[in-house]
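Chemist: one predicted model, sequence on top.
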Protein chains: 2
Amino acid sequence: MEDETFDDTTEGSSVGTAQRVFHALSSAPRRKILAYLSASGLTAGEIADRFSMSKPAVSQHLSILETAGLIRREKHGQFVHYSLIENNLVNTLNGFVQEVCPVGRPIKKESQARARVKQAP
Amino acid sequence: MEDETFDDTTEGSSVGTAQRVFHALSSAPRRKILAYLSASGLTAGEIADRFSMSKPAVSQHLSILETAGLIRREKHGQFVHYSLIENNLVNTLNGFVQEVCPVGRPIKKESQARARVKQAP
DNA sequence: TCATTAATTAAGGAATTACCTAATTAATTT
DNA sequence: AAATTAATTAGGTAATTCCTTAATTAATGA
C-alpha cells in the first residue's frame, strides 16, 4: 500500500490528509489558534476576540483546521465550542519526521533537539 | 524571551523561522524533495528529473527549502549538490508539537502514533 | 412574535503563489 | 575561443489565498 505522506495524487482527485494538515499549519493565525486551544476549549467568539481580524476570517481558519482534522466542533445552544484533536497533529508530524529522517534518530535526539530549538532558531 | 513558534511579528519586520519551515512543508513537491534527499544527496538536475515540472520551477522549490534551513546547497564544479539538514526540521516540528500538545505525550506515544498514521489517515 | 446575539455563508478584491518560457551565468569540453 | 551542459534569474500569467463587508441561519430573551 502506498504512503500518502508525500504523494497527494495517489487517490483519484482528493487532497491527501498530509496536504491538509501541512497546509493548515502553514498559517501563523491558525497555529496561534491551535496554541490557544491547547490550553482549553473555546467558543468561536472567544477565539475571534483574541485576533484583530474579522470574525468571518477567523471562522474560515477554524474551518480549515477542522477539515484537516486538527480541531473538533461542538454546538452547544447558540455557541460553537472548539477543541484540539491532538492525535492527528502528532501522528502526521511524527509520521513525516520518521519518513524524512533516518529511522531512530528523531526519537533519541528529541530531548536535546527540543531544548536547542528554544534558544537557537 | 519570547517564543517565536506562533508569533511571527515579534521581530521588526522579518518572517519567523517557524513560518518559513511550515510554509516550506505546505507544498507536496517540496515534501517530495525532502523525501528524495532523505535517501541521499542529489544534484539539482537529478532532483528535477524526478518531477514532471520544469527545471526552474524545481529550482525555486529548492530555494524555498534552503531559505527555511531544511536543505543545504554545495557547489561542486558545474553541479549543485543538495542535501538534507535534519536538525532544523526535527527541532521545529518537535518544538511545535511540544507547545501545542500536553508535555510528555508526544514523546511517549511516538512509536504507536507512527504505526497508526500509516493505516488510518 | 420580534429583537438580539452567535456564528456562518456569500461575494468580491488585493496580494501572493506556482508554474511556464526565455535569457543569463558559470563551468567544462573540444 | 567556441560550443555544450548545469543551474539560476527574469518576466509574465493563471490560480489561489486571505482578508474585507453584507447577508443569512439559528438560538435565546423580552
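Modeler: It's in.
Chemist: would you pull up the residue in chain A closest to DNA strand C?
Modeler: A:G45 (2.2 Å; C-beta to the nearest atom of the strand). Yep, even glycine has a C-beta here, placed from its N, CA and C like the rest.
Chemist: hmm, the helix or strand that residue falls within touching chain B?
Modeler: Following DSSP states H and E, one finds A:G45 within helix A:44-49. No - figure legend: helix A:44-49 not in contact with chain B (C-beta under 8 Å from any C-beta of the partner chain); closest approach 13.6 Å.
Chemist: for the helix or strand that that helix is followed by, list every residue counted as buried.
Modeler: Counting by DSSP H and E, the next helix or strand C-terminal to helix A:44-49 is helix A:55-67. Buried residues in helix A:55-67, counted by 16 or more other C-beta atoms under 10 Å in any protein chain shown: A:58, A:61-62, A:64-65.
Chemist: could I get the residues you listed as JSON lines with distance to chain B and pLDDT?
Modeler: Converted to JSON lines, these look like this (distance: C-beta to the nearest C-beta, whole Å; pLDDT from 0 to 100):
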{"residue": "A:V58", "distance to chain B": "15", "pLDDT": "98"}
{"residue": "A:H61", "distance to chain B": "13", "pLDDT": "98"}
{"residue": "A:L62", "distance to chain B": "15", "pLDDT": "98"}
{"residue": "A:I64", "distance to chain B": "12", "pLDDT": "98"}
{"residue": "A:L65", "distance to chain B": "12", "pLDDT": "98"}
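Chemist: just those now: which is nearest B:V15?
Modeler: Checking the buried residues of helix A:55-67 against B:V15 with C-beta to C-beta, the nearest one is A:H61 at 18.6 Å.
Chemist: show me where chain A has strands.
Modeler: Secondary structure of chain A, counting by DSSP state E: strands at A:42-43, A:71-76, A:79-84.
Chemist: make JSON lines out of the ones you listed and add mean pLDDT, distance to A:T92 and mean neighbour count.
Modeler: Output for these, formatted as JSON lines (pLDDT from 0 to 100; distance: least, C-beta to C-beta, whole Å; neighbours: other C-beta atoms under 10 Å in any protein chain shown):
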{"stretch": "strand A:42-43", "mean pLDDT": "98", "distance to A:T92": "23", "mean neighbour count": "17"}
{"stretch": "strand A:71-76", "mean pLDDT": "98", "distance to A:T92": "14", "mean neighbour count": "13"}
{"stretch": "strand A:79-84", "mean pLDDT": "98", "distance to A:T92": "14", "mean neighbour count": "17"}
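Chemist: let's have those in JSON lines, adding distance to chain B.
Modeler: Below are those laid out as JSON lines (distance: least, C-beta to the nearest C-beta, whole Å):
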{"stretch": "strand A:42-43", "distance to chain B": "14"}
{"stretch": "strand A:71-76", "distance to chain B": "11"}
{"stretch": "strand A:79-84", "distance to chain B": "7"}
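Chemist: which one of those lies closest to B:S54?
Modeler: Ranking these by their distance to B:S54 (criterion: C-beta to C-beta) puts strand A:71-76 first, at 37.6 Å.
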